[in-house]
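S.K.: Need a 3D model of the following:
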Amino acid sequence: MWVHPYDKATKYTPAYETYYVNGVAADTPSPNEAGWAFPLLFCTADRSRWALLTEASLDGSYCGTRLTQKTVDGVYRIRFPDEGEGDGTGAAEPSWTLPWTTPWRVVILGDSVGDIVESTLVTDVSPASVVKDTSWIKPGRASWSWLFDHDSPQDCTKLNAWVDLAAALGWEYSLVDANWDRMKNGTIHDLLAYAQSKGVSLLLWYNSGGPHNHVSEKPRGLMDHPEIRREELKNLSKWGVKGVKVDFFQSDKQNIIQLYHDILRDAAEARIMVNFHGCTLPRGWSRTYPHLMTMEAVRGEECYSFDKRFTAEAPAHNVIIPFTRNVVGPMDYTPVMFADNVYPHLTTYTHELALPVVFESGWLHFAGGVKEYLDLPEAPKAFLRQVPVVWDETRFLAGEPGRFIVLARRHGSHWYLGALNGENAGRDVDVELAFLGPKRSTVTLITDGKTPRSFATETQAVTGQDHLEVRLLPYGGFVAVLTPTR
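M.R.: Model (predicted):
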């Protein structure tokens, strides 16, 4: 199985941000007493049958659950949240009045791991949209300054550069992270006006607390109280803000599950899109609330800033989460870092470039700095200008959890291919293009260059009868854009 431990309750957890265990025996105990978190991917010993276990259609009448630390007679049990979650606020066990509908426990079954990757079962069994007019909901790409410079959200002058980056690369948004209400060299209204002049919309960060966390980052105290939250969201809409990133929930108790739903309902009323961070796992909510663009619940690239272990773990981790975490809903990993942060990355430049295709998220927050994107060669820069975040179709082409993956995703008439190598050895991949059918297409292929931190680009004409044969460097990758020519 491929699984990750549930977090022990701390100031910043639980948040579904532990590392996945890579292919261990199915009765392996979790390394901590908190148990195993959803989703859990299993296969038979001969890898002829696969299953993914998770939850869906969870509302405020229940809590989020996970599995026990150990099996009893080979069976894991469901367990409820710990008392210490959410700073001790809320009840650990759910309660409701009758009639009472519990969430789905979902098992996705397949003859191949590709059946798991391509599944939409989590949203299929979740309630239909409660938002009648969705014309204001706009997925897109965003520049994001915080990972490059943690203090930048407090400086209007610095943030202008990230607005300029979004404008230069045609990205729809720029995300302003924690403590923007302490801004110097201007105000949030100055930044809004500047962004508007550049054709870029802003997304703003909020602390979800409230008594359920004691994280000091601001703005806080505006999202947990119903009347205050509604007024704040209404004001954001008047200002022209398009979305919020709400952070630090630290609990799967029923009271916090209800808070997620309350925020989503009030945000819909104000026509504000939503991103949850420091949060629970997606459980089908993006069908019910299509303005929920993405959720964190993953150990993402921000860890290059504070976790020295991430350097070694990231390559294989990146090739486990498309088979697990991202199957159950949109994932705000904040990808595509070329320059090193506090800790360097072992992944190649093209591995990084492929992440927006392999990972799915309704908002794509680019993790790097301004210069590293603007100084790219023309082909990868053009790719970042055009890569979509909405997909009409997904095809699993090849791969194994923790080793490598090749995905094809279609947006309109264009196909985008992304491949990741999670191992410290080169790999040859042979990609059949049968999904193209008889139509002739032009493929722009960006591969690893002669060194891990370089690119190679070629263009050729192909049909569905052709193959792409690509050599991946250790921890490497490739991307391809297939454009129909007739």
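
S.K.: separation between the residue nearest in space to the middle of the chain and E17?
M.R.: For the chain, the residue nearest the mean C-alpha position is M331 (1.6 Å; C-alpha atoms, centre = their mean). Using C-beta to C-beta, to the nearest Å, M331 is found at 12 Å from E17. All C-beta spots, glycine's among them, are computed from the backbone N, C-alpha and C.

S.K.: which residues are in contact with both of the two?
M.R.: E296, A297, V298 (C-beta atoms under 8 Å, 6 or more residues apart in numbering).

S.K.: Sort out which one of the residues you listed lies nearest L121 for me.
M.R.: A297 (17.9 Å; C-beta to C-beta).

S.K.: Where does pLDDT dip in the stretch 151-300 of the chain?
M.R.: For the stretch 151-300 of the chain, no stretch is flagged by pLDDT under 70.

S.K.: quick one: the helices in it?
M.R.: When assigned using DSSP state H, counting those that start in this stretch, the helices of the stretch 151-300 of the chain occupy the ranges 156-169, 188-197, 226-239, 254-270, 285-288.

S.K.: any idea of the pLDDT on R486?
M.R.: Per-residue confidence (pLDDT) for R486: 68.

S.K.: nearest spatial neighbour of T442, skipping sequence neighbours?
M.R.: T483 (5.0 Å; C-beta to C-beta, 6 or more residues apart in numbering).

S.K.: quick revisit: so what's the residue nearest to the centre of the chain up against?
M.R.: P282, T294, M295, E296, A297, V298, I321, R325, F359, E360, S361.

S.K.: what do you get for S305?
M.R.: Neighbours of S305 in contact, by C-beta under 8 Å, 6+ apart: L147, H150, N341, V342, Y343.

S.K.: Tell me which two of the residues you listed sit farthest apart.
M.R.: Once C-beta to C-beta is applied, these give H150 and Y343 as the farthest pair, at 14.7 Å.

S.K.: Which residue is the nearest non-sequential neighbour of S237?
M.R.: Going by C-beta to C-beta, 6+ apart, S237 has A270 as its nearest residue, at 4.6 Å.

S.K.: In a helix, Y373, correct?
M.R.: Yes: the assignment for Y373 (DSSP: H, G, I helix; E, B strand; the rest coil) places it in a helix.

S.K.: Can you verify my assumption that it contacts L384?
M.R.: Yes: between Y373 and L384 there is a contact under C-beta atoms under 8 Å: 6.7 Å.

S.K.: joint contacts of the two?
M.R.: Between them, Y373 and L384 share the contacting residues L169, F366, judged by C-beta under 8 Å, 6+ apart.

S.K.: re earlier: among the contacts of M331, which one lies nearest to W36?
M.R.: Of those, the one sitting nearest to W36 (C-beta to C-beta) turns out to be R325, at 13.4 Å.

S.K.: Could you measure from that closest one over to L292?
M.R.: For R325, the distance to L292 - C-beta to C-beta - is 16 Å.

S.K.: just D124 next, same as before
M.R.: 16 Å.

S.K.: returning to that earlier point: D177 is nearest to which of the helices of the stretch 151-300 of the chain?
M.R.: helix 156-169 (9.7 Å).

S.K.: buried residues in the closest one?
M.R.: C156, K158, L159, N160, A161, W162, V163, D164, L165, A166, A167, L169 (16 or more other C-beta atoms under 10 Å).

S.K.: Now find how far off-centre it is within its chain.
M.R.: What separates the centre of helix 156-169 from the centre of its chain is 23 Å, taken as C-alpha atoms, centre = their mean, to the nearest Å.

S.K.: Please list the residues outside it that contact it.
M.R.: Counting by C-beta under 8 Å, 6+ apart, residues outside helix 156-169 touching it are 141-145, 149, 151-153, 171-174, 176, 183-187, 190-191, 194-195, 198-200, 370, 373-374, 381, 384-385.

S.K.: And the buried ones among those, selectable in PyMOL?
M.R.: Applied in PyMOL, the following selects the buried portion of those according to 16+ other C-beta under 10 Å:
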select buried, resi 141+142+143+144+145+152+153+171+172+173+174+176+183+191+194+195+200+370+373+384
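
S.K.: In this model S441 seems to touch the residue nearest to T442, though I could be wrong.
M.R.: Yes: under the contact definition of C-beta under 8 Å, T483 touches S441, with a separation of 5.9 Å.

S.K.: Between these two, which is the more surrounded one?
M.R.: It is S441, of T483 and S441, that has more neighbours when counted by other C-beta atoms under 10 Å, with 22 against 12.

S.K.: So which bits of the helix or strand harbouring D115 are buried?
M.R.: Assigning secondary structure by DSSP states H and E places D115 in helix 113-117. Neighbour-count burial for helix 113-117 flags V113, G114, D115, I116, V117 (criterion: 16+ other C-beta under 10 Å).

S.K.: I'd like to know which elements it is packed against.
M.R.: strand 36-43, strand 50-56, strand 104-110, strand 393-400 (3 or more C-beta pairs under 8 Å, 6 or more residues apart in numbering; DSSP states H and E).

S.K.: Dump the ones you listed into a markdown table; add mean pLDDT and distance to Q254 as well.
M.R.: What follows is these, written out as a markdown table (pLDDT from 0 to 100; distance: least, C-beta to C-beta, whole Å):
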| stretch | mean pLDDT | distance to Q254 |
| --- | --- | --- |
| strand 36-43 | 98 | 17 |
| strand 50-56 | 98 | 14 |
| strand 104-110 | 98 | 17 |
| strand 393-400 | 97 | 33 |
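
S.K.: A128: which of the ones you listed is closest?
M.R.: strand 50-56 (13.2 Å).

S.K.: and the closest one, which strands flank it?
M.R.: strand 36-43 (antiparallel), strand 104-110 (antiparallel) (DSSP bridges).

S.K.: tell me the most buried of those strands?
M.R.: strand 36-43 (a mean of 23; mean count of other C-beta atoms under 10 Å).

S.K.: contacting residues around the nearest residue to P452 once chain neighbours are set aside?
M.R.: Nearest residue to P452 in three dimensions, chain neighbours excluded: T348, at 4.2 Å (C-beta to C-beta, 6+ apart). Contacts for T348 (C-beta under 8 Å, 6+ apart) come out as D448, P452, R453, L473, Y475, G476, G477.

S.K.: mind running it again at 6 Å?
M.R.: D448, P452, L473, Y475, G476 (C-beta atoms under 6 Å, 6 or more residues apart in numbering).

S.K.: Can you select the buried ones from these in ChimeraX?
M.R.: A single ChimeraX command selects the buried members of the contacts of T348 (16+ other C-beta under 10 Å):
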select :448,452,473,475,476
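
S.K.: any idea which of the contacts of T348 is closest to L98?
M.R.: Y475 (54.0 Å).

S.K.: Surely that closest one is in contact with H345?
M.R.: No: the criterion here is C-beta atoms under 6 Å, and Y475 misses it with H345 at 8.6 Å.

S.K.: D466 is in contact with L433, isn't it?
M.R.: Yes: using C-beta under 6 Å, D466 makes contact with L433 at a distance of 5.2 Å.

S.K.: These two: which is more packed in?
M.R.: For D466 versus L433, neighbours defined as other C-beta under 10 Å are more numerous around L433 (21 against 17).

S.K.: OK, contacts around that one?
M.R.: Here L433 is in contact with V462, G464, D466 (criterion: C-beta under 6 Å, 6+ apart).

S.K.: give me that answer again for 7 Å
M.R.: V462, G464, D466, H467, L468 (C-beta atoms under 7 Å, 6 or more residues apart in numbering).
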